[in-house]
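1. return atomic coordinates for the entry below.
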Amino acid sequence: KKIGNNVFQGNPKITSVTIPATITAIGDYAFENCYELREVVFAPGGTGMTIGASAFEKCINLTTIDLPAHTTEIGHSAFEGSGLTSLVVPEQIAQLSAEVLKNTQITTIHIPANVTFIGDSAFLNCTKLTSVTFAEGDKPLTIGTLDNDVSSTNQRTFGVFYGTKVEALNLPARVVCIGDCAFYNQTSLKSITVGDNSQLKIIGKYAFAVEKGTSKLTTASLGGSLETIGERAFYKSKLTSIVIPKTVKLVDQYAFSNTNLTKVEFEFGGTADLTIKTYAFANAKLTTVTLPARLVTAYERVTASNIN
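-> Numbering: from 1, shown residues only. Okay, the predicted model is just below:
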């Protein structure tokens with residue numbers, strides 16, 4: 001059985017809802033704009049549950065909801081603009097859809113081991129979100145998307161954690177990609193930790209760039225599998241040193257430009273051809289860099305002067 005699409009959309013009188021165990025799906029926009037909805041209770045039992053797109057969007061007085069453990073899907077914008085201050089993501093969820101918790105009041109979020117994808121803007125403008133934790137596991141996890149048009153400033157405000165205040169990022173080994181603008185203009189982030197056994201291969205364009213405000217990012221480890229560091233990935237960060245893994249094939253244009261880098265170390269060894277694009281380290285504070293033998297292309301103006 002299903003609560004159909006748009007069934008209670010915009011109802012101004014609903015304050016509480018009890019979902020029977022026989023219901024296995026809540027349709028798209030089912031309770032959207034139910035401004036007075038304050039309580040949603042799922043009856044015990046049941047064998048499956050899916051939450052449709054925008055199902056509880058803009059339920060501004062809904063501050064908490066306990067989803068059934070057997071919930072398998074949460075749709076696009078399901079809780080966008082609601083009053084939620086917290087959410088426990090059920091262990092069976094495989095994807096956190098785009099904008100799922102956008103503009104909510106959550107302060108922390110835990111990503112279960114079964115999650116393999118987090119959509120763009122999932123936590124956009126969650127201005128009270130200071131902590132994100134990830135369960136370890138063996139399923140590859142992608143955070144955001146790649147190949148986006150980021151040619152203008154207003155096209156960069158879609159990242160997974162844009163507008164949050166996450167202070168430290170400790171990534172599990174199973175993360176394989178950090179998408180474009182994932183932490184763009186994130187001025188609270190101080191450190192990024194990626195273990196040596198990490199599967200991280202791609203850091204997207206503007207992933208950790210700061211163009212408005214001042215970056216606090218002073219520490220970043222990149223793991224042992226990274227292949228691509230995208231355009232302006234660490235633009236204007238406060239990094240003072242960085243170790244580039246021997247697996248890296250591309251350091252894209254402006255990747256570390258306008259940073260506080262004084263030292264860049266390319267990890268010894270590796271067989272993959274390395275390309276460093278234009279202005280990759282421009283306007284950094286580099287005094288020493290040793291280039292690896294596997295470097296095949298370094299575009300003009302890779303960095304500024306004062307290099308030894």
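
2. quick one: which helix or strand includes T145?
-> T145 is located outside every helix and strand, with elements delineated by DSSP states H and E.

3. so what's it up against?
-> With contact set as C-beta atoms under 8 Å, 6 or more residues apart in numbering, T145 has these partners: 119-120, 179-180, 204. (C-beta placed from N, C-alpha, C; glycine too.)

4. and what of T108?
-> Contacts of T108 (C-beta under 8 Å, 6+ apart): 86, 129-133.

5. what is it paired to in the beta sheet?
-> On the basis of DSSP bridges, T108 is bridged to S131.

6. and what of V40?
-> Beta bridges link V40 to V17 when assigned by DSSP bridges.

7. that one: neighbour count?
-> V40: 20 surrounding residues under other C-beta atoms under 10 Å.

8. can you put the contacts of T145 in a markdown table and add secondary structure, pLDDT and neighbour count?
-> Shown next, in a markdown table, are these (DSSP: H, G, I helix; E, B strand; the rest coil; pLDDT from 0 to 100; neighbours: other C-beta atoms under 10 Å):
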| residue | secondary structure | pLDDT | neighbour count |
| --- | --- | --- | --- |
| G119 | coil | 98 | 21 |
| D120 | coil | 98 | 21 |
| G179 | coil | 98 | 27 |
| D180 | coil | 98 | 28 |
| G204 | coil | 98 | 27 |
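
9. tell me the contacts of the residue nearest to A43 when sequence neighbours are not counted?
-> With sequence-adjacent residues excluded and distances taken as C-beta to C-beta, 6 or more residues apart in numbering, A43 is closest to A21, at 4.6 Å. Shown in contact with A21 (C-beta under 8 Å, 6+ apart): 42-46.

10. check the secondary structure at A21 for me.
-> coil (DSSP: H, G, I helix; E, B strand; the rest coil).

11. relative to G75, how far out is it?
-> To G75, A21 is 21 Å away according to C-beta to C-beta, to the nearest Å.

12. check L239 too.
-> In this view, L239 and G75 are 38 Å apart by C-beta to C-beta.

13. likewise K13?
-> K13 sits 25 Å away from G75, going by C-beta to C-beta.

14. show the average pLDDT along stretch 69-87.
-> Stretch 69-87 shows a mean pLDDT of 97.

15. hmm, which of the contacts of A21 are the buried ones?
-> Among the contacts of A21, those buried by neighbour count (16 or more other C-beta atoms under 10 Å) are 42, 46.

16. possible to save the contacts of A21 as CSV with distance to F79, pLDDT and secondary structure?
-> Below are the contacts of A21 laid out as CSV (distance: C-beta to C-beta, whole Å; pLDDT from 0 to 100; DSSP: H, G, I helix; E, B strand; the rest coil):
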residue, distance to F79, pLDDT, secondary structure
F42, 15, 96, strand
A43, 20, 95, coil
P44, 22, 92, coil
G45, 23, 89, coil
G46, 20, 85, coil
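
17. among the contacts of A21, give me the pair with the biggest separation.
-> Using C-beta to C-beta, the two most remote members of the contacts of A21 are F42 and G45, lying 9.2 Å apart.

18. give the pairing partners of the helix or strand bottoming out on mean pLDDT in the chain; include direction for each.
-> When each helix and strand of the chain is scored by mean pLDDT, DSSP states H and E, strand 288-290 comes last, with a mean of 84. Take DSSP bridges as the rule and strand 288-290 pairs in its sheet with strand 263-266 (parallel).

19. any buried residues in the partner strand, and which?
-> For strand 263-266, burial by neighbour count (16+ other C-beta under 10 Å) applies to 263-264, 266.

20. same check on stretch 168-183?
-> By neighbour count on 16+ other C-beta under 10 Å, the buried set for stretch 168-183 is 169, 171-183.

21. sounds good, over and out.
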